[in-house]
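**Q** Sequence and computational prediction follow.
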Number of protein chains: 2
Amino acid sequence: MHRAQIGDNLTVGLLNSKIGDGKVLAIKKDHIEMEVCLTQEPPEPIPLTLIVALPRPKMLKRILQSAASLGIKKIYLINSWRVEKAFWSSPLLEPERLKNELILGLEQAKDTIMPQIHLKRLFKPFVIEELSILVKGSSDNKPIALAAHPKAAIPCPQNINQSAILAMGPEGGFIDIEIETLERIGFSTVNLGRRILRLETAVPFIVSKLF
Amino acid sequence: MHRAQIGDNLTVGLLNSKIGDGKVLAIKKDHIEMEVCLTQEPPEPIPLTLIVALPRPKMLKRILQSAASLGIKKIYLINSWRVEKAFWSSPLLEPERLKNELILGLEQAKDTIMPQIHLKRLFKPFVIEELSILVKGSSDNKPIALAAHPKAAIPCPQNINQSAILAMGPEGGFIDIEIETLERIGFSTVNLGRRILRLETAVPFIVSKLF
């Protein structure tokens, strides 16, 4: 916004509402005045619940921006054996900070619908008690549940035409017992080919395959 | 390598050659000694030539790592109207620095084949004199030439089963006359949907669609 001048026409959006055009009427020290006309619906979300083992803060920022720009609306940051404990103390995990990263992603994609983020610091209770219910879905919406896993025999499916829950491990991957726990509640493990990709590359790669 | 201990078995690869296993025999101040057995071919490259309007250095690092991890072997960094001139003075463009970023990507994907990078500071001569020849390909390998462009009417194709040349514009996109110049030598413009993605998200997204 810092380069806007009086008279400029900008694309604007109201959080969790429509998008449209805005004309800058006045620029004050702490706010600007605009004439705003909101006419368009934001772009369609993608029906994906993303479950990510909490990455290091620098990577987390990028993942959140990228996920928001791709249209992902439900994100769970979870613990896993190989997640460094210190990552859970990052100030980036404060709700306002998380929201700021997501807004950058929404702005990039001209979207307005704020994704929900959930923080789950205990792997097993989360998977057994909560994720197992998400995986079941509802009578008219049974999601496919996938865990990205380099050792998996099956490649990631394409153009699935249904909603999905996708679990991505930490650097080094989920450990065997975590994979077993996910499989027990209905997850299938899938690979992305022989190359191991970093989370920031793997997320758009899989989203593009699935939808 | 900083956590390696004597006796550890590591996956190792020789640049532009095979990969295999290595056992750490000794750790010295400035080098380590390993017993190395190289048996496997590196993973298949993807038959994509990536042409990117030079991004800001921070983004360039990530793109290079990501492109190398995805198996892209030919990268052109080119000028475009909306590329900031200062980006061309970045020390990151020194060959050794570029190589370091690519090696990080190769290590991530357990690949050994170093991508080639070409720097092209003049858009029009590059497109007219060099890119036009690349687009023609050879009698047994005619690549598909695509320019990612938000205004394009056609969506990005899927599973193309042929080689491709992909041009990605700067923040704000290629300008109209640049798109016209690309179209004149045989490029088709394609969109990635309504959402505008940042380069670091768009590259793995498109690679996943095409291959």
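**A** Arrived safely.

**Q** Dead centre of chain A: give me the residue that sits there.
**A** In chain A, the centroid-proximal residue (Cα atoms, centre = their mean) is A:A67; its distance is 3.8 Å.

**Q** Do a quick rundown of the helices in chain A.
**A** Secondary structure of chain A by DSSP state H: the helices cover A:57-70, A:95-109, A:123-125, A:132-136, A:176-184, A:199-210.

**Q** Out of these, which is the most enclosed?
**A** Taking mean count of other Cβ atoms under 10 Å in any protein chain shown as the contact definition, the stretch among these with the greatest mean neighbour count is helix A:199-210, which reaches a mean of 24. Backbone N, C-alpha and C define where each C-beta goes, glycine included.

**Q** and that one with chain B, contact?
**A** Yes: judged by Cβ under 8 Å from any Cβ of the partner chain, helix A:199-210 comes into contact with chain B through A:200-202, A:204-209.

**Q** from the chain's centre, how far out does stretch A:11-31 sit?
**A** 25 Å (Cα atoms, centre = their mean, to the nearest Å).

**Q** interface residues of chain A facing chain B?
**A** Counting by Cβ under 8 Å from any Cβ, the residues of chain A near chain B are A:43-44, A:62, A:65-66, A:69-71, A:108-111, A:158-159, A:193-198, A:200-202, A:204-209.

**Q** about what we covered before: next one: the residue nearest to the centre of chain A from A:Y76, what distance?
**A** 11 Å (Cβ to Cβ, to the nearest Å).

**Q** same deal with A:A109?
**A** Counting by Cβ to Cβ - A:A109 and A:Y76 are separated by 21 Å.

**Q** and what of A:I185?
**A** As for A:I185, its distance to A:Y76 is 14 Å (criterion: Cβ to Cβ).

**Q** okay, the two: which has more neighbours?
**A** Regarding A:I185 and A:Y76, a neighbour count based on other Cβ atoms under 10 Å in any protein chain shown identifies A:Y76 as having more, with 21 against 15.

**Q** can you list the domains in chain A?
**A** As given by automatic domain parsing, the domain ranges for chain A are A:9-40, A:46-210.

**Q** Check those domains for me: which has the lowest mean pLDDT.
**A** Of all those, domain A:9-40 carries the lowest average pLDDT, namely a mean of 93.

**Q** would you list the residues of helix A:199-210 next to chain B in CSV and tack on distance to A:E35?
**A** Putting the residues of helix A:199-210 next to chain B into CSV (distance: Cβ to Cβ, whole Å) gives the following:
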residue, distance to A:E35
A:E200, 38
A:T201, 41
A:A202, 43
A:P204, 36
A:F205, 41
A:I206, 41
A:V207, 36
A:S208, 38
A:K209, 43
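
**Q** about what we covered before: list residues touching both of A:A67 and A:Y76?
**A** With contacts defined as Cβ atoms under 8 Å, 6 or more residues apart in numbering or on different chains, the residues shared by A:A67 and A:Y76 are A:L50.

**Q** if we can go back for a sec, the residue nearest to the centre of chain A and A:E200 touch, don't they?
**A** No: counting by Cβ atoms under 8 Å, A:E200 is not a contact partner of A:A67; they are 9.9 Å apart.

**Q** quick one on the thing from earlier: shared neighbours of A:I185 and A:Y76, which are they?
**A** Contact with both A:I185 and A:Y76 is made by residues A:L131, according to Cβ under 8 Å, 6+ apart.
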